[in-house]
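Student: 3D, please:
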Amino acid sequence: MSRAEVRGEPVGEAAVAAPGAVPDPDAARVASPLWSLGLLRSELLTTFRRWRTLALLAVLAAVPVLVGIAVKIETSDGSSPGGGGGEGPAFISQVSNNGLFLVFTALAATLPFFLPMAIGVVAGDAIAGESSAGTLRYLLVAPAGRSRLLLTKYAMVIAFCLAATLVVAVSALAVGALLFPVGDLITISGTRISYTEGLGRALLIALVVAASLVGVAALGLFVSTLTGSGIAAMATTVGLLITVQILDQIPQLDALQPYFFSHYWLSFADVMREPVYWDDLVKNLGLQALYAAVFGSAAWARFTTKDVTA
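Tutor: Now for the predicted structure:
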C-alpha cells in the first residue's frame, strides 16, 4: 500500500497529473461538500440497515411497552405503582394518572444503561468495525480523508443518539395513550399545564437526553480508534460506561462525581418544573460538550496518525 493510500490522499491520475493538465472531475470530490453529505448519507443508511442496529432499537422500543404493561397490571386493583413507596424510575407514580408520564418514566429507565449501551455499541464499532471488516483502507482512498471520515462517523453516532432517544419517547407516548388516560398534567412543582405543553416538554426532554449522550459517543469513537477489533471496542466502551456509573454511586468519590459524564443525566426531570430549573441542565450539557471536545480531539489525534493496514 502506498503512502498516499495510508494517509487518505487521492490516488490515480488526479494525484500524478502534470501541472497544467486538465484535472480529473472525480478529484473535485475531495473538497466537495455534496460528496461529504453523500458519505454521511451512506454511513446512515449502512448503520440503520444493520440487523444489530435494528435489534438495539427494537429492545429500546420494547422497554416502554414492558414498563407500561407492568404499571397497568400493578394498578389494576387501584393501588399506586411500587406500592406507593416511591420505588422505580422517576415519574412512575404518575403514569396511571396520565399516560404522558410514561415518556418521562421510560427515558429515566433507559438512560442509565440501555441507551448508553446502544450508543456504546454503535460508537465502538464505528472505526474498529471497518478495520476488522477490511473496509477502512478503501474508505480512506475513496477519497474521504481521515478527518472527514472521523467527523462523518461521529455525526452518524450523534444521529443514532437522537434516533434511539426518539424511539423510546415515541414508543412510550403510544403505549401511554393506549393504556392510560391522557390530558392536562401536573408538574413536579404542582402547577397544571396543558397536554399540548406537556408534549412540548416531552420533546424537549428527549432532546436533552439525546444531548446527554454525546460524551459517550465521543468516548466510544476514541476507543474505536485504539483497536482493530469491533467487538473489543464495543465491549470496552460498554465496560467503561458501567464502571463510571458504579463509581458515580460511591459516596467516598463525591468530589469527583460531578465530573463523571453520567452524573447529571437525570437532570432532565427539571424540565418538568415550573419554572424550569436550568442549573443542572446547563451543567450536564456543558459537561457533555467537554467530553466531546476532549475525546473527540483524542480520537482525531489517534486516527490521523494511525497506520491503516486493513
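Student: buried stuff in the helix or strand harbouring Ile158?
Tutor: Using DSSP states H and E, Ile158 sits in helix 146-179. Using 16 or more other CB atoms under 10 Å as the test for burial, helix 146-179 gives 146, 148-169, 171-176, 179. Every C-beta, even on glycine, is put in place using the N, C-alpha and C of the backbone.
Student: Repeat that for stretch 134-141.
Tutor: Leu136, Arg137, Leu139, Leu140, Val141.
Student: mind saving the C-alpha coords of it as CSV?
Tutor: The C-alpha coordinates for stretch 134-141 follow below in CSV (Å, rounded to 0.1, in the frame of the first residue of the first chain):
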residue,chain,number,x,y,z
GLY,A,134,-11.1,-4.8,6.0
THR,A,135,-13.0,-1.8,4.6
LEU,A,136,-11.3,1.1,6.4
ARG,A,137,-8.5,1.2,3.9
TYR,A,138,-10.9,1.6,1.0
LEU,A,139,-12.9,4.3,2.7
LEU,A,140,-9.7,6.3,3.2
VAL,A,141,-8.9,6.2,-0.5
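Student: Now do that stretch, average pLDDT.
Tutor: For stretch 134-141, the mean pLDDT works out to 72.
Student: just the buried residues of stretch 134-141 now: which is nearest Leu247?
Tutor: Nearest to Leu247 among the buried residues of stretch 134-141, counting by CB to CB, is Leu136 at 33.0 Å.
Student: if you skip the residues just before and after it, what's nearest to that closest one?
Tutor: Spatially, and ignoring its direct neighbours in sequence, Leu136 is nearest to Glu130 (4.0 Å; CB to CB, 6 or more residues apart in numbering).
Student: what about that neighbour, which helix or strand?
Tutor: Glu130 belongs to helix 114-133, assigned by DSSP H and E.
Student: Run the angle between that helix and helix 146-179 for me.
Tutor: Calculated by axes from the mean of the first three to the mean of the last three CA atoms, to 10 degrees, helix 114-133 forms an angle of 140 degrees with helix 146-179.
Student: which parts of helix 114-133 are buried?
Tutor: If you call a residue buried by 16+ other CB under 10 Å, then helix 114-133 has these buried ones: 114-132.
Student: what about Thr191, how many neighbours?
Tutor: Residues within reach of Thr191, counting by other CB atoms under 10 Å, total 11.
Student: Pull the contacting residues for it.
Tutor: Counting by CB atoms under 8 Å, 6 or more residues apart in numbering, Thr191 touches Glu274.
Student: Got the phi and psi for it?
Tutor: phi -90, psi 160 (degrees, to the nearest 10).
Student: Kindly report the same for the one 10 residues further on.
Tutor: When read as degrees, to the nearest 10, the backbone of Arg201 gives phi -70, psi -30.
Student: Please tell me I have it right and it contacts Met272.
Tutor: Yes - the pair Arg201 / Met272 is scored as a contact, 6.3 Å apart, by CB atoms under 8 Å.
Student: Which residue ranges of the stretch 151-300 of the chain form strands?
Tutor: Using DSSP state E, counting those that start in this stretch, the strands assigned to the stretch 151-300 of the chain run over residues 185-186, 192-193.
Student: In TSV, list the ones you listed along with mean pLDDT.
Tutor: Converted to TSV, the strands of the stretch 151-300 of the chain look like this (pLDDT from 0 to 100):
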stretch	mean pLDDT
strand 185-186	86
strand 192-193	89
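Student: Ala255 is nearest to which of these?
Tutor: Per CB to CB, nearest to Ala255 of the strands of the stretch 151-300 of the chain: strand 185-186, 36.4 Å.
Student: Show me the shaky parts of this structure.
Tutor: Along the chain, segments meeting pLDDT under 70 span 1-36, 77-90, 141-144, 307-310.
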